[in-house]
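*Asks:* pasted the sequence and its predicted model underneath.
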Amino acid sequence: MARFIVFEGGEASGKSTQSARLAERLGAVHTREPGGTEIGSALRDLLLDARTLGLSDRAEALLMAADRAQHVAEVIRPALAEGRHVVSDRYAGSTLAYQGYGRGLPVFELRRLSGWAANELWPDLIVLLDVPRSVAGGRAGRTPDRMEAAGEAFHDRVLRGYQALAAADPVRWAIVDGTAGADDVAEAVWEAVTHRLPDLADPPGAPTPSPPPPPRKPHLLHERGEPGGSGPRPVA
Ligand code: TMP
């Protein structure tokens, strides 16, 4: 079954590296928000350019949602439909943490906005890379982008928001300590992912276990139904 896994975290928390490593290990499509499509790249430039002045908080939330709508329609859903796993560097959790906890917009409204933009596609698992601001690697040698420049208090609220989101939904969110070296963090991510989604632990091409013998009363199995199925994924 194709899985949709998202990495979340604060600035310079190692998400890009770790999401790329997991995607490679899974043979998954690796993508990101904002900017996972050509249209999204234009939105990313606008959203992150420090010269974009006076963007209102609601306009910012809507542009993030527009990027997500395009990303889901053009990249994520088609890949899942082809049976490919998808690993995204940021998704709806970023909107809840940054525009919700950071900017102060109502989180439940942002959840609805994101659900609408994504046509209710929610991740199977969200990996939160936990890195305190004092430890997060800086972006030496270049001026901070518009979001990075939003101030200490803003980014503290974002990190506290992530903790609150993960605590409220521990089934969907896995917190991984991101402060160790990249190899150790990658191993911790792999353990967290395969613990929550054990079907991913089988390497691609591994022989599938032989099916159990046919049941004596097949009609009873049909009555029980198939968990999971093709219905919409539950809300994050
Ligand atoms: P990054 O991908 O390099 O981390 O930069 C993306 C920035 O955009 C980061 O500051 C988080 C921010 N962001 C939001 O504020 N809301 C969102 O919904 C998303 C996807 C990203």
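*Replies:* It's in. Numbering: from 1, shown residues only.
*Asks:* H30 sits in which helix or strand?
*Replies:* Assigned by DSSP states H and E, H30 falls within strand 29-32.
*Asks:* following that strand, which helix or strand shows up next?
*Replies:* Immediately after strand 29-32, counting by DSSP H and E, sits helix 38-48.
*Asks:* distance from the chain centre to that following helix, please.
*Replies:* A distance of 18 Å separates the centroid of the chain from that of helix 38-48, by Cα atoms, centre = their mean, to the nearest Å.
*Asks:* quick check: next helix or strand after it?
*Replies:* Of the helices and strands lying after helix 38-48 in sequence (DSSP H and E), the nearest is helix 57-71.
*Asks:* next secondary structure after that following helix?
*Replies:* Towards the C-terminus, the helix or strand next in line after helix 57-71, according to DSSP H and E, is helix 77-81.
*Asks:* what residues sit buried inside that following helix?
*Replies:* Counting neighbours by 16 or more other Cβ atoms under 10 Å, one finds that the buried residues in helix 77-81 are 77, 79-80. In short, each C-beta sits where N, CA and C put it, glycine included.
*Asks:* how about those in TSV, adding distance to the ligand and pLDDT?
*Replies:* TSV is the format used below for the buried residues of helix 77-81 (distance: Cβ to the nearest ligand atom, whole Å; pLDDT from 0 to 100):
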residue	distance to the ligand	pLDDT
R77	17	98
A79	18	98
L80	19	98
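*Asks:* what comes into contact with stretch 143-154?
*Replies:* Counting by Cβ atoms under 8 Å, 6 or more residues apart in numbering, stretch 143-154 makes contact with 11, 47-50, 52, 55, 98, 102-103, 133, 139, all of which sit outside it.
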